[in-house]
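Peer 1: Got a sequence here, can you build the structure:
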Amino acid sequence: MADATELNGAEKSSPIVDDMLAIPETTLELTRELWAWLTNDSYAALVAIGIAIAAYLLLEIIYRLGRRFLKAGAPGSFRRLFDDVAARTMSLFLLLAALRAMGAVVTPPPLWERTIGFLFTVVMVIQAARWTIALLTGLIDRRRQAGDGLDPEVDGAIGIFRVIIQAAVWIIAAIVLLDNLGVNVTALVAGLGVGGIAIGLAAQGIFSDLFAALSIIIDKPFKKGDFISIGGAQGISGTVEHIGLKSTRIRALSGEVIAISNGQLLNQQISNFAEARRRRAVVNIEVTYQTPTDMLERLPGELKALVEDRPRCTFDRAPLVRFAPSGLDFELIFFVEEPSLTALLAEQQAVMLGIIRRFRELGVDFAFPSQSNFLTGPNGEVFDIAGIFGGRGRGGPEDSRADALPETRGEAA
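Peer 2: Predicted structure coming up:
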């Protein structure tokens with residue numbers, strides 16, 4: 001029974017762990033194996049040492065040349081980012097990688113082979129964690145530039161996210177390392193999973209806004225001082241005054257400050273007018289149906305000339321677009337080659353005033369909502385009201401005479 005217990009314990013334990021726990025005995029055994037290897041098979045041992053040295057020197061040359069190439073990148077570029085990642089490479093990792101390459105060509109003594117494999121596994125996991133942390137934190141720092149409008153608390157939040165990233169990466173690295181060393185990590189992973197779910201559910205809203213703030217920092221859909229519109233035409237428009245960990249504050253056009261949680265903000269459509277290069281203006285013009293046809297054909301050219309007289313404006317089109325109930329509609333579209341709203345309104349006003357002046361010179365009347373009534377006789381003919389009143393107009397004393405209208409004056413169609 002005792003033998004079975006010892007056998008089960010031996011099956012569950014890792015040989016590498018057992019050897020490393022007995023450090024004095026393992027060190028002595030490594031020395032003996034190395035000496036025996038050098039004395040009994042000195043040629044193979046010397047070849048292995050030469051291969052290890054050559055592999056290490058080759059890795060060092062590649063590493064240094066790569067660093068020199070990456071350092072030549074512009075500040076803030078991905079080349080400089082990968083240079084920061086490469087700078088976290090440990091010399092011990094290169095040395096163990098060279099020994100592993102040597103072991104693939106010449107087989108060292110068994111204990112040496114196992115020890116090199118064990119050390120390479122440990123150092124490889126640590127090295128991968130260092131590279132991952134450098135890459136993730138570098139991506140965050142790359143998006144954070146001086147003077148881009150981040151508030152001090154958001155800038156401090158980056159430090160919090162760096163700590164969270166480092167803790168998460170090192171926890172994952174420890175689990176991977178223990179699993180490779182033969183330790184049963186199932187219970188540990190399950191415990192971390194349950195604890196993480198509980199914490200996540202308890203602080204779901206807080207973490208949602210925190211990671212939304214991180215998204216604003218990295219993706220930068222807007223920054224402090226930008227004029228934005230949220231939720232489309234029926235939403236909120238204003239200037240961003242504050243980007244915090246929990247919420248973003250916007251100064252609305254009406255003057256009040258509106259605070260919106262970062263998570264809710266990123267779930268809506270955001271229009272950033274600070275990124276616009278030019279503005280589009282649309283002016284609808286309605287003229288009367290009495291406007292002559294040749295004048296209607298001439299109006300698009302007249303509108304184009306008015307727009308092109310403005311140095312900051314670019315004409316697009318001005319077609320006749322519809323038969324409206326009260327007149328004929330023209331749609332003038334042009335661009336103001338400046339992003340500010342003030343420039344758009346100023347140029348639009350100047351063009352509209354120019355249209356009024358030019359239409360008065362051309363004798364073109366603007367249409368307005370109106371209604372006309374026509375009197376007809378039994379045969380359907382329309383009476384000439386002006387002829388009935390003798391051209392004197394309505395409202396005079398003589399217009400009220402009973403005999404001014406024909407006998408059928410009471411009938412109307």
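
Peer 1: Check L7 and give its pLDDT.
Peer 2: Looking at L7, its pLDDT is 39.

Peer 1: try L214
Peer 2: For L214, pLDDT reads 73.

Peer 1: do D151 as well
Peer 2: For D151, the pLDDT comes out at 54.

Peer 1: and what of L59?
Peer 2: On pLDDT, L59 comes in at 88.

Peer 1: How about the secondary structure of the residue lying closest to it once chain neighbours are set aside?
Peer 2: Once flanking residues are discounted, L59 sits nearest to L94: 4.6 Å by C-beta to C-beta, 6 or more residues apart in numbering. No exception for glycine: its C-beta is placed from N, CA and C like everyone else's. L94 falls in the helix class when you classify it by DSSP: H, G, I helix; E, B strand; the rest coil.

Peer 1: residues touching L94, list them.
Peer 2: Residues in contact with L94 (C-beta atoms under 8 Å, 6 or more residues apart in numbering) are 56, 59-60, 63.

Peer 1: Just the buried residues of those residues.
Peer 2: 56, 59 (16 or more other C-beta atoms under 10 Å).

Peer 1: Now distance to G238 and secondary structure too, for the contacts of L94, in a markdown table please.
Peer 2: Listed next are the contacts of L94 as a markdown table, based on distance: C-beta to C-beta, whole Å; DSSP: H, G, I helix; E, B strand; the rest coil:
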| residue | distance to G238 | secondary structure |
| --- | --- | --- |
| Y56 | 61 | helix |
| L59 | 56 | helix |
| E60 | 57 | helix |
| Y63 | 51 | helix |
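
Peer 1: quick one: low-confidence ranges for the stretch 201-350 of the chain?
Peer 2: Along the stretch 201-350 of the chain, the parts satisfying pLDDT under 70 run over 201-207, 232-234.

Peer 1: can you pull out the helices in it?
Peer 2: Assigned by DSSP state H, counting those that start in this stretch, the stretch 201-350 of the chain shows helices spanning 204-219, 262-266, 293-308, 341-362.

Peer 1: for the stretch 51-200 of the chain, same thing?
Peer 2: Under the criterion DSSP H, counting those that start in this stretch, helices of the stretch 51-200 of the chain are mapped to 78-86, 91-105, 110-143, 152-180, 186-202.

Peer 1: So for the shortest one, what gets flagged as buried?
Peer 2: By neighbour count on 16+ other C-beta under 10 Å, the buried set for helix 78-86 is 80-83, 85-86.

Peer 1: Kindly indicate which of those residues lies nearest A168.
Peer 2: Lowest distance from A168 to the buried residues of helix 78-86 (C-beta to C-beta) belongs to V85, with 17.5 Å.

Peer 1: correct me, but R358 touches V307?
Peer 2: No: in this structure R358 lies outside contact range of V307 using C-beta atoms under 8 Å: 11.5 Å.

Peer 1: Give me the more crowded residue out of those two.
Peer 2: Counting neighbours by other C-beta atoms under 10 Å for R358 and for V307 shows that V307 has the greater number, 23 against 15.

Peer 1: OK, contacts around the more buried one?
Peer 2: Contact partners of V307, counting by C-beta under 8 Å, 6+ apart, are 313-315, 332, 334, 351.

Peer 1: Which of the helices of the stretch 201-350 of the chain sits closest to I228?
Peer 2: Proximity to I228 (C-beta to C-beta) singles out helix 262-266 among the helices of the stretch 201-350 of the chain, at 9.6 Å.

Peer 1: what's the closest one packed up against?
Peer 2: If contacts are counted by 3 or more C-beta pairs under 8 Å, 6 or more residues apart in numbering; DSSP states H and E, helix 262-266 sits against helix 204-219, strand 247-252.

Peer 1: Quick check: L139 touching I217?
Peer 2: No: look at L139 against I217 with C-beta under 8 Å: they stay out of range, at 10.4 Å.

Peer 1: So between these two, which is more surrounded?
Peer 2: Remark: of L139 and I217, I217 carries more neighbours, 21 against 13, as counted by other C-beta under 10 Å.

Peer 1: Relative to I133, how far out is the more buried one?
Peer 2: The spacing between I217 and I133, counted by C-beta to C-beta, to the nearest Å, is 18 Å.

Peer 1: swap in S91?
Peer 2: Relative to I133, and taking C-beta to C-beta, S91 is found at 18 Å.

Peer 1: what about the residue nearest to A52 when sequence neighbours are not counted, how many neighbours?
Peer 2: Leaving aside its sequence neighbours, A52 sits nearest to M102 (C-beta to C-beta, 6+ apart; 4.1 Å). The local packing of M102 (other C-beta under 10 Å) involves 22 other residues.

Peer 1: cool, the one 5 residues further on as well?
Peer 2: The number of residues packed around T107, counting by other C-beta under 10 Å, is 12.

Peer 1: Output the helices of the stretch 51-200 of the chain as a markdown table; include the columns distance to E256.
Peer 2: Shown next, in a markdown table, are the helices of the stretch 51-200 of the chain (distance: least, C-beta to C-beta, whole Å):
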| stretch | distance to E256 |
| --- | --- |
| helix 78-86 | 41 |
| helix 91-105 | 57 |
| helix 110-143 | 30 |
| helix 152-180 | 22 |
| helix 186-202 | 33 |
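
Peer 1: Out of those helices, which is closest to L320?
Peer 2: The closest of the helices of the stretch 51-200 of the chain to L320 is helix 110-143. By C-beta to C-beta, the value is 49.6 Å.
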